[in-house]
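how would this look folded up:
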Amino acid sequence: MTILWVILAVVVALGAGLAIVLRRLLRPDTAGSASHSMADLLSSGRRAPETYRPMTRLFAEQDFAFLSGWPGSDGTLVRRLRRQRAGVLRLYLRELRADFQRLHGFARALVPTSADPEFAATVFQCALRFHALWALVALRCSLGWFVPLRAETTALVAAMDRLRETARLALAPPQAQRVIA
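Coordinates of the predicted model:
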């Protein structure tokens, strides 16, 4: 009977831990992020790769190798830098998710008026890819698995940029769509 109580306690503890991690990952953004207009989000001058490029370089091994190579370095400086950069990455992820949610909401509002029959499927695919990558990066960030993170963050930014381009094309007049496509 005692073994059943231990197994039940372990299952409850694992479930509570999983619930806490999922709540952290999926809770809505309550931080006061900088608001951007739709025109600003869709403009060709504000592309996601340029805006979020520093996020992809936060955990470059060269920085940590440089710090660990200092005379008298005992590793505390490297650990502190990783912890601070993890906080910065979380801020980038929060801002990126808020931008994506605004853009995705706008693109979903365009679906009924779009002349492109594939537009709804493209918006859905972009959202699915973004949320899967975002969850992966956020999970790795909360678990402390930062290396190598550059490929995932680059793909995350590319998924947002693809949705931005898709929405921008949906807004373009039909003559411009033929020229752009």
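
secondary structure element holding Val10?
Counting by DSSP states H and E, the element that carries Val10 is helix 2-26.

can you tell me what sits against that helix?
Ala135, Ala138, Leu139, Ser142 (CB atoms under 8 Å, 6 or more residues apart in numbering). Glycine gets a C-beta too; all of them are placed from N, C-alpha and C.

verify the stated contact: Phe119 with Arg168.
No. With contacts counted by CB atoms under 8 Å, Phe119 stays clear of Arg168, the gap being 11.9 Å.

have a look at the two and say which one is more surrounded.
Phe119 (19 against 15; other CB atoms under 10 Å).

looking at this protein, which helix or strand does the model trust least?
helix 174-180 (a mean of 49; mean pLDDT, DSSP states H and E).

name the residue closest to the centre of this protein, please.
A centroid search over the chain (CA atoms, centre = their mean) returns Trp134, at 3.9 Å, as the residue closest to the centre.

ok, then the element right after the helix ranked longest in the chain?
Ranked by residue count, the top helix of the chain under DSSP state H comes out as helix 76-110. For helix 76-110, the succeeding helix or strand toward the C-terminus, using DSSP H and E, is helix 119-143.

show the average pLDDT along that following helix.
Per-region confidence: helix 119-143 scores 87 on mean pLDDT.

can you name every helix or strand that it contacts?
Where contact means 3 or more CB pairs under 8 Å, 6 or more residues apart in numbering; DSSP states H and E, helix 119-143 is packed against helix 2-26, helix 76-110, helix 150-171.

roughly how far is the last one from the heart of the chain?
Helix 150-171 has its C-alpha centroid displaced from the chain centroid by 11 Å (CA atoms, centre = their mean, to the nearest Å).

mind giving me the packing neighbours of it?
By 3+ CB pairs under 8 Å, 6+ apart, helix 150-171 packs against helix 38-42, helix 48-51, helix 53-56, helix 76-110, helix 119-143.

try 6 Å
helix 48-51, helix 53-56, helix 76-110, helix 119-143 (3 or more CB pairs under 6 Å, 6 or more residues apart in numbering; DSSP states H and E).

export the ones you listed to JSON lines and tack on distance to Gly15?
Listed next are the helices and strands packed on helix 150-171 as JSON lines, based on distance: least, CB to CB, whole Å:
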{"stretch": "helix 48-51", "distance to Gly15": "36"}
{"stretch": "helix 53-56", "distance to Gly15": "32"}
{"stretch": "helix 76-110", "distance to Gly15": "24"}
{"stretch": "helix 119-143", "distance to Gly15": "17"}
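
looking at those helices, which is nearest to Ala155?
Nearest to Ala155 among the helices and strands packed on helix 150-171 is helix 119-143 (5.5 Å), distances taken as CB to CB.

good, we can wrap up now.
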